[in-house]
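Engineer: predicted model and sequence follow; I will ask about them next.
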Amino acid sequence: MLNICQKPECGQRHRFLRLPLFVVSGASGTGKSAVCRYLLGNLAEVVVLDSDILWRPEFGSTGAGSPTFCETWLRVAKNIGQSGRPVVLFGSAVGVPDNVE
């Protein structure tokens, strides 16, 4: 779906693709990373990402459900989506409804 957005800072209009974001979430040790590794390179229609690749110790002070951690991933997914391919994001914290909302 294509929308036209306007930047609040300067009023510039630009096209914005609204593609699906697929989130695979679950408790630690349930196989999210194993499924993610299996899908890498096997799904050309989507970009498959494991949220563990951006984990940093600073996020540990606020917990895995840290808004900063989840917001970082949502920004990454949004920008990748602008290339025309949806994102499948694997991770335990990113699937919590409060973090995605």
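Structural biologist: On my side now, so go ahead.
Engineer: helices along the chain, start to end?
Structural biologist: 32-39, 57-60, 67-81, 97-100 (DSSP state H).
Engineer: go through those helices and pick out the most buried.
Structural biologist: Of all those, helix 67-81 has the most neighbours on average by mean count of other Cβ atoms under 10 Å, namely a mean of 16. Glycine gets a C-beta too; all of them are placed from N, C-alpha and C.
Engineer: what comes into contact with that helix?
Structural biologist: Contact partners of helix 67-81, identified using Cβ atoms under 8 Å, 6 or more residues apart in numbering, comprise 17-19, 21, 47, 49, 51, 54-55, 59, 62, 87, 89, 91, 93-94, 96, 99-100.
Engineer: how far does it sit from its chain's centre?
Structural biologist: 5 Å (Cα atoms, centre = their mean, to the nearest Å).
Engineer: cool, and stretch 14-31?
Structural biologist: 5 Å.
Engineer: that older thread, would you reformat the helices of the chain as JSON lines and include distance to Pro8?
Structural biologist: Output for the helices of the chain, formatted as JSON lines (distance: least, Cβ to Cβ, whole Å):
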{"stretch": "helix 32-39", "distance to Pro8": "35"}
{"stretch": "helix 57-60", "distance to Pro8": "28"}
{"stretch": "helix 67-81", "distance to Pro8": "16"}
{"stretch": "helix 97-100", "distance to Pro8": "22"}
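Engineer: now, of the contacts of helix 67-81, which are buried?
Structural biologist: 19, 21, 47, 49, 51, 59, 87, 89, 91, 93-94, 99 (16 or more other Cβ atoms under 10 Å).
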